[in-house]
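In: can you look at this prediction? I've put the sequence above it.
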Amino acid sequence: MSAHRLVQLLDEVAAGDRVPYLGAGVAAAAGDAQPASPEALCAAIEARVRAPKRARGNLWSVAQFVESRRFRKTLETIVQAAFAERPAPGPLHRWLVRARPPLIVDAWYDSQILDAARTEGAGGWGWVQGVSRQGQWREIWTRAYDATGALVGEAPDPGWETLIYKPHGVIREGHSFLMSDSDYVEVLTEIDIQSPIPEEVQARRAGRPFLFLGCRFDDQMLRIFARQIAKRSGEGHAAVIAGELTRMERKFLDELGIERLDLPLSAVSDAIGAPA
């Protein structure tokens, strides 16, 4: 029954009636050349910089320590090295860009969904990403790029057929990302009133529930972003999450009314007829 329900949910994504929300687990399924969880990325940073005991194991706190003690450039150099290899997009990435839903949310730092859109998607798409305000002297939350990778401004083009939203940014040369506590402080102050979330994202989520894929909600930061991005959208969210849930995950799913399918992410590849 769960597998049949998954096919129904993916059909709704393909029809543009449901918003796919990708977590780090989708990147993990596509290969292990890059860190594909907050814990793995934190470990990659700690392998280069010894963090204090109070911060160890917490990505946002370790990033803040590096930024405060070694400057932002050091943090950028470390994480860009961790993401230097760019594995080929996975089957879910490729299926999504061919399906062309109005909105795709990708809540990890990798570029695989963007690479898939460039190689397999048609024209008429672009992305908008969260940016750090480090070194900025004005209020800025996002930057938008067209299908060629050219910067088009702070807001995406409403005429794009598909909009990819990377709320935490993208780790690669020439782009920005949110990671340290200081990156998030102003975002978290404003996110409840939706200021950091582009108006076009808000418009495209309206009336559409979400399908969470490759997401875990055992981290407060991830829960906050998922809650606020899904705010004022359609009812009837669903998530594919296998195995035991933490107490906070169960509470979060109940709070948002998320239907949970206890299936591995490989079931999505089966459902779309692609090799896992």
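Out: Looks like it arrived, so ask away.

In: which residues of this protein fall in helices?
Out: Taking DSSP state H, the helices of the chain run over residues 2-14, 24-29, 38-46, 59-70, 72-82, 91-99, 112-120, 181-190, 199-205, 220-229, 247-256, 266-271.

In: can you list contacts of the longest one?
Out: Contacts of helix 2-14 from elsewhere in the structure, counted by Cβ atoms under 8 Å, 6 or more residues apart in numbering, are 18-20, 96, 99, 101, 211, 238, 240, 261-263, 267-268, 270-272. For glycine as for every other residue, the C-beta is placed from the backbone atoms N, C-alpha and C.

In: so that helix versus helix 91-99, what angle?
Out: With axes from the mean of the first three to the mean of the last three Cα atoms, to 10 degrees applied, the angle from helix 2-14 to helix 91-99 works out at 40 degrees.

In: same question, the fifth one
Out: For helix 72-82 and helix 91-99, the angle between their directions (the same axes, to 10 degrees) works out to 100 degrees.

In: start at 15 instead
Out: That works, and once the first residue is 15, the last one we named lands at helix 86-96.

In: can you name the residues in contact with helix 86-96?
Out: Residues outside helix 86-96 that contact it (Cβ under 8 Å, 6+ apart): 48-49, 55, 58-59, 62-63, 77, 80-81, 123, 146, 148-149, 185-187, 191, 193-194.

In: only alpha carbons, please: show stretch 82-102 as CSV.
Out: What follows is stretch 82-102, C-alpha atoms only, in CSV (Å, rounded to 0.1, in the frame of the first residue of the first chain):
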residue,chain,number,x,y,z
SER,A,82,35.0,33.6,14.3
ARG,A,83,38.5,32.3,14.9
ARG,A,84,39.8,31.7,11.4
PHE,A,85,37.6,34.2,9.4
ARG,A,86,34.9,33.5,6.8
LYS,A,87,37.3,32.8,4.0
THR,A,88,38.7,29.8,5.9
LEU,A,89,35.3,28.3,6.3
GLU,A,90,34.5,28.8,2.6
THR,A,91,37.8,27.2,1.6
ILE,A,92,37.2,24.1,3.8
VAL,A,93,33.6,23.5,2.6
GLN,A,94,34.4,24.2,-1.0
ALA,A,95,37.1,21.5,-0.8
ALA,A,96,34.6,19.1,0.8
PHE,A,97,32.2,19.7,-2.2
ALA,A,98,34.9,19.8,-4.9
GLU,A,99,33.9,16.6,-6.5
ARG,A,100,30.6,16.9,-8.2
PRO,A,101,28.9,13.5,-8.7
ALA,A,102,26.5,13.0,-11.5
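
In: pLDDT (mean, whole number) over it?
Out: Average pLDDT, stretch 82-102: 92.

In: pull the contacting residues for the closest residue to Arg84 other than its chain neighbours.
Out: Using Cβ to Cβ, 6 or more residues apart in numbering and skipping the chain neighbours, the partner closest in space to Arg84 is Val63 (6.5 Å). Residues counted as contacts of Val63 (Cβ under 8 Å, 6+ apart) are Val76, Phe79, Val80, Arg83, Arg84, Thr88, Ile92.

In: contacting residues around the nearest residue to Gly183 once chain neighbours are set aside?
Out: Spatially, and ignoring its direct neighbours in sequence, Gly183 is nearest to Phe191 (3.2 Å; Cβ to Cβ, 6+ apart). By Cβ under 8 Å, 6+ apart, the residues touching Phe191 are Val93, Tyr123, Gln143, Gly144, Val145, Ser146, His182, Gly183, Val184, Ile185, Asp197.
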